[in-house]
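Trainee: the sequence isn't on hand, but the structure is:
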């Protein structure tokens, strides 16, 4: 678990994925010991991605450090989004981050706080830096990355995702 002043980032487990696959928010809330909104993920394709995420989770072989995390608002005991790493460090020794905050909790700094917690955690490990991808438009994710010091690298085409903007944050030595 990763904690900040207002948030807890709780790693996904196999049991979490199983209840998400069943669309069982009641059981998810019980597992996390939080209030779980019916549509806590804003990703329209989240349910279809669960089998692939379970496969990815299993490839981590029990080390959930580089996996997905639930974003919990500590005082309210409420699930407000998810974030995490998109795998182990790559051939350049970079990890990729991603995050989403439920729309009713956006524009309050939670996305920035969660992303910064991931960055701080990652930089305690032996990595060279962090990368991220965003839609090709000015949006909350772009502003978060800019605020946290990521440098825009240009456009990149990812298979199945189309053209995206590419961002890097090298580790300062």
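Mentor: Thanks, I have the structure now. Keep in mind the model is a prediction, meaning the values are calculated, not measured. Numbering: from 1, shown residues only.
Trainee: which stretches of the protein have low pLDDT?
Mentor: Residue ranges of the chain with pLDDT under 70: 40-49.
Trainee: would you agree residue 130 falls within a strand?
Mentor: Yes: assigned with DSSP: H, G, I helix; E, B strand; the rest coil, residue 130 falls within a strand.
Trainee: how about the nearest residue to it, chain neighbours excluded?
Mentor: residue 169 (4.6 Å; Cβ to Cβ, 6 or more residues apart in numbering). Yep, even glycine has a C-beta here, placed from its N, CA and C like the rest.
Trainee: secondary structure element for the residue nearest the centre of the chain, which one?
Mentor: Compute the mean C-alpha point of the chain, and by Cα atoms, centre = their mean the closest residue is residue 83, 1.6 Å away. Assigned by DSSP states H and E, residue 83 belongs to strand 78-85.
Trainee: the residue nearest to the centre of the chain: what's it in contact with?
Mentor: Contacts for residue 83 (Cβ atoms under 8 Å, 6 or more residues apart in numbering) come out as 9, 68, 69, 71, 97, 98, 99, 100, 114, 115, 118.
Trainee: ok, the fourth one to residue 131 distance?
Mentor: Translated: residue 71. 20 Å (Cβ to Cβ, to the nearest Å).
Trainee: looking at the two, which one has more neighbours?
Mentor: A direct count of neighbours by other Cβ atoms under 10 Å for residue 71 and residue 131 places residue 71 higher, at 29 against 19.
Trainee: so the more buried one bridges to which residues?
Mentor: Listed beta-bridge partners, residue 71: residue 9, residue 81 (assigned using DSSP bridges).
Trainee: ok so, going back, and the residue lying closest to the residue nearest to the centre of the chain once chain neighbours are set aside, what is it in contact with?
Mentor: Computed as Cβ to Cβ, 6+ apart, the closest residue to residue 83 that is not its neighbour in sequence is residue 99, at 3.7 Å. Contacts for residue 99 were tallied using Cβ under 8 Å, 6+ apart; they are 71, 81, 82, 83, 84, 111, 114, 115, 118, 141, 144.
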